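1. here is the input, now give the coordinates:
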Amino acid sequence: MKLSDLKAKTADELKDSLMELRKEQFNLRFQKASGQLENTARVRQVRRGIARIKTLLHAKQQSAS
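-> Okay, here's the model as predicted:
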């Protein structure tokens, strides 16, 4: 997930992406707990993707006010 791709999205699209990443994070946590997680690096990627989206959403809210 590149920052330039995220910047082109609207706030609603960013919120949808955020919800998808949170669901994926939830599933990854369960896979880790049950020992089925194969790609451990994906946890870090998802966490950072969530942070990127939240940062952009906050910046868009600040610029709108």
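2. quick one, helices of the chain?
-> Along the chain, counting by DSSP state H, helices occupy 3-7, 11-34, 41-64.
3. would you turn those into TSV with mean neighbour count and mean pLDDT?
-> C-beta: built from backbone N, CA, C; applies to glycine. Converted to TSV, the helices of the chain look like this (neighbours: other C-beta atoms under 10 Å; pLDDT from 0 to 100):
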stretch	mean neighbour count	mean pLDDT
helix 3-7	11	91
helix 11-34	13	97
helix 41-64	13	95
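4. how about K7: what's its closest non-neighbour residue?
-> L56 (6.7 Å; C-beta to C-beta, 6 or more residues apart in numbering).
5. so how far is R22 from A8?
-> The gap separating A8 from R22 is 21 Å, by C-beta to C-beta, to the nearest Å.
6. correction: S63
-> Counting by C-beta to C-beta, the gap from S63 to R22 is 24 Å.
7. ok, now I50?
-> In this view, I50 and R22 are 7 Å apart by C-beta to C-beta.
8. what of G35?
-> G35 is 22 Å from R22, where distance means C-beta to C-beta.
9. contacts only, for the residue most central in space within the chain.
-> The centre of the chain sits closest to I50, judged by C-alpha atoms, centre = their mean, with a distance of 2.8 Å. Residues near I50 by C-beta atoms under 8 Å, 6 or more residues apart in numbering: 18, 21-22, 25.
10. redo that, cut-off 10 Å
-> Each residue near I50 by C-beta atoms under 10 Å, 6 or more residues apart in numbering is listed here: 1, 17-18, 21-22, 24-25.
11. possible to save the residues you listed as CSV with distance to N39?
-> Output for the contacts of I50, formatted as CSV (distance: C-beta to C-beta, whole Å):
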residue, distance to N39
M1, 15
S17, 20
L18, 21
L21, 15
R22, 18
E24, 12
Q25, 13
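12. of these, closest to R44?
-> Using C-beta to C-beta, Q25 is the member of the contacts of I50 that sits closest to R44, with 10.7 Å.
13. state the distance from the closest one to K60.
-> Distance, Q25 to K60, by C-beta to C-beta: 22 Å.
14. tell me who's in contact with the closest residue to K60 other than its chain neighbours.
-> In this structure, K60 finds its nearest non-sequential neighbour in A11, 5.5 Å apart by C-beta to C-beta, 6+ apart. Residues in contact with A11, defined by C-beta under 10 Å, 6+ apart, are 56-57, 60-61, 64.
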